[in-house]
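> model this:
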Amino acid sequence: MRPASSPRARAARGCRWPFPALAALVIAGGATPAAAAEPLRWGADSEGGAPYVYPDPKDPRSIVGFEVDIATALGRELGRAPVFVQNQWDGLIPGLLRGNYDVALNGLEITPDREQVVRFTIPYYATSEQLSVRKDESSIDGLSDLKGRTVGTLKFSLAQRMLEREGGIEIRSYEGQINAYEDLANGRLDAVLMDWPIAVYYSRPNPALKFTGPPIGRLEYGIGVRPDDTHLLEDLNRVLVKLMREGDLRRIYDRWGLWNPETEQLFQRLTGSSSALVEFTRAMAEKRSWSDRVRQYVGYLPLLGRGATMTLVISITGMALAVTLGLLLALTYLYGPRPAAWMSRAYIEVVRGTPLLIQLYLIFYGLPNVGIRLTPFFAAVFGLGLNYAAYEAENYRAGIQAIARGQSEAALSLGMTQAQALRHVIVPQALRLVIPPVTNDFIALFKDSSIVSVITMVELTKVYGQLASTYYDYIGIGLLTAAIYFVLGLPFVRLARWAEARMAVDRRVAVPARRRWFGVGSKPAVG
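Okay, here's the model as predicted:
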């Protein structure tokens with residue numbers, strides 16, 4: 001997951017952590033009193049997978065991983081309780097800069113481009129890239145053998161940069177490591193290049209895959225800190241040196257089967273499996289009966305339920321904003337002064353013509369540059385609401401223009417003002433007409449709420465990704481998650497049908513009862 005920086009290369013550009021300075025940090029003492037009373041908030045992506053940070057296979061409500069152990073050790077030494085903050089991996093540095101957490105600890109490679117944005121501690125782990133192929137593959141032994149091949153890797157990682165520099169390789173980048181190794185086993189890829197710890201946990205236990213060739217390159221992980229947090233950086237460096245000297249980090253890496261000195265020879269000496277590695281491999285390879293699977297799926301329901309609750313809250317709040325703003329946009333476009341009408345139309349066209357994902361990024365990561373900082377929840381609500389307002393405006397416009405002109409003329413002839421005619425005559429009739437498309441848009445928004453996981457929101461789809469990546473079960477958990485989406489959305493469809501019936505003013509076309517599945521559809525006309 002993460003770009004390299006050798007000691008020699010760092011020395012060439014000026015090593016920031018010479019050993020005398022580290023010794024001075026060790027002698028200098030503990031954390032500042034102000035920091036001791038505060039929790040140590042550390043950001044990571046629990047969907048990233050083992051062995052970094054991932055849901056415990058035995059209890060998915062808690063997270064485990066060697067970096068969880070490191071965060072615990074750091075918090076203990078600093079006198080600050082470690083608090084995990086979920087964040088998408090490729091947004092760790094933006095989340096750090098906007099103050100969502102104090103440090104970014106999730107396999108971040110120390111690279112020159114990242115050092116221009118954040119400051120890194122001394123490296124806490126060094127490793128290399130490992131190439132994996134299928135068991136029956138014998139023609140690939142290194143990067144030079146990948147010309148003309150299809151190779152999978154992690155998005156924005158050092159491995160991806162290596163493959164791009166090599167040239168002549170079709171690269172497929174993935175958000176998570178599991179999917180790449182599954183595609184390799186299924187024949188969609190010729191090879192996978194990822195960090196050695198990832199390969200140890202996802203490639204080596206897979207009977208269909210094998211390592212090939214020697215370790216490639218070198219990379220070092222560091223803890224990211226905001227540029228102005230110099231005291232925290234000094235405290236972390238001091239504690240890391242202490243943990244290294246006293247053997248705490250070695251014991252953590254031994255437990256996870258990740259102890260690998262900086263040379264290739266010492267990598268190869270790692271022949272035994274640690275308890276954590278054995279436990280993880282057993283959990284992944286264990287064959288479960290249907291009854292065991294059902295019990296396991298039932299155990300997922302509390303986690304999925306919390307994610308579903310967040311999805312509902314985001315969707316309902318966002319839709320309330322969308323229908324309100326959409327009506328204002330439609331009325332402004334149809335009845336407002338020309339400049340306001342042009343602005344309304346421009347908003348509708350721009351929002352409908354740009355991806356929702358880009359809009360969410362702009363709201364969450366872009367607005368802080370102009371002094372507006374929204375929490376992930378409010379960023380999700382505003383992003384979905386502002387986006388769908390453009391679609392609702394078009395629904396309302398169509399509904400209003402579908403009302404016969406005589407309705408408006410009759411209201412005005414009775415002495416009503418234009419505003420009164422809209423409020424009491426036109427808009428109520430238009431609302432009745434637009435209930436079906438508005439309901440359809442709500443269902444679409446309900447499903448699109450899954451996108452907000454990219455701005456650190458943990459909702460239903462994010463929980464599904466975390467569980468599926470932990471248990472290699474994308475089908476069973478996926479069907480369970482889809483069923484939850486369906487069950488949650490169905491009541492809103494029924495509510496819309498009820499509202500249509502309540503607001504109906506004329507007889508509808510009869511529909512045979514046998515065609516009304518689940519009670520959805522028009523009822524036969526009465527009388």
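
> Okay, helices next: where are they in the stretch 1-150 of the chain?
Using DSSP state H, counting those that start in this stretch, the helices found in the stretch 1-150 of the chain span residues 7-12, 19-28, 33-36, 66-78, 92-97, 112-115.

> go on, the stretch 201-350 of the chain?
In the stretch 201-350 of the chain, the segments counted as helices under DSSP H, counting those that start in this stretch are 230-245, 248-255, 264-268, 275-285, 290-335, 338-352.

> out of those, deepest packed?
helix 230-245 (a mean of 19; mean count of other C-beta atoms under 10 Å). All C-beta atoms are positioned from the backbone trio N, CA, C, and that covers glycine.

> Does that helix pack against any helices or strands, and if so which?
helix 19-28, helix 33-36, helix 66-78, strand 224-225, helix 248-255 (3 or more C-beta pairs under 8 Å, 6 or more residues apart in numbering; DSSP states H and E).

> Any idea which of the ones you listed has the lowest pLDDT on average?
Across those, the stretch with the lowest average pLDDT is helix 19-28; it has a mean of 39.

> What pLDDT is listed against M503?
Predicted confidence (pLDDT) at M503: the value is 65.

> That should have said V487, apologies.
Note on V487: pLDDT of 87.

> Give me the helices and strands touching the strand or helix carrying E394, please.
Counting by DSSP states H and E, the secondary-structure element that holds E394 is helix 376-401. Packing contacts for helix 376-401, counted by 3+ C-beta pairs under 8 Å, 6+ apart, involve helix 290-335, helix 338-352, helix 356-361, helix 427-448.

> Could you pull out the buried residues of that helix?
For helix 376-401, the buried set under the neighbour-count rule, 16 or more other C-beta atoms under 10 Å, comprises 376-377, 379-397, 399-400.

> Show residues contacting the helix or strand following it.
Helices and strands here follow DSSP H and E; after helix 376-401, the next one along the chain is helix 405-413. Residues from elsewhere that reach helix 405-413, judged by C-beta atoms under 8 Å, 6 or more residues apart in numbering: 418, 420-421, 424-426, 429.

> Just the buried ones from these?
Applying a neighbour-count criterion of 16+ other C-beta under 10 Å, the buried members of the contacts of helix 405-413 are 421, 425-426, 429.

> Reformat those as TSV; add distance to I372 and pLDDT.
As requested, the buried ones among the contacts of helix 405-413 are arranged in TSV below (distance: C-beta to C-beta, whole Å; pLDDT from 0 to 100):
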residue	distance to I372	pLDDT
A421	38	84
V425	40	85
I426	36	85
Q429	39	85
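
> which one among those gets closest to Y365?
I426 (41.0 Å; C-beta to C-beta).

> re earlier: could you export the contacts of helix 405-413 as TSV, including distance to Y474?
What follows is the contacts of helix 405-413, written out as TSV (distance: C-beta to C-beta, whole Å):
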residue	distance to Y474
Q418	56
Q420	56
A421	55
H424	53
V425	53
I426	49
Q429	47
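
> just checking, which of those residues belong to helices?
Residues from these lying in helices, with DSSP state H as the criterion: 418, 420-421, 429.
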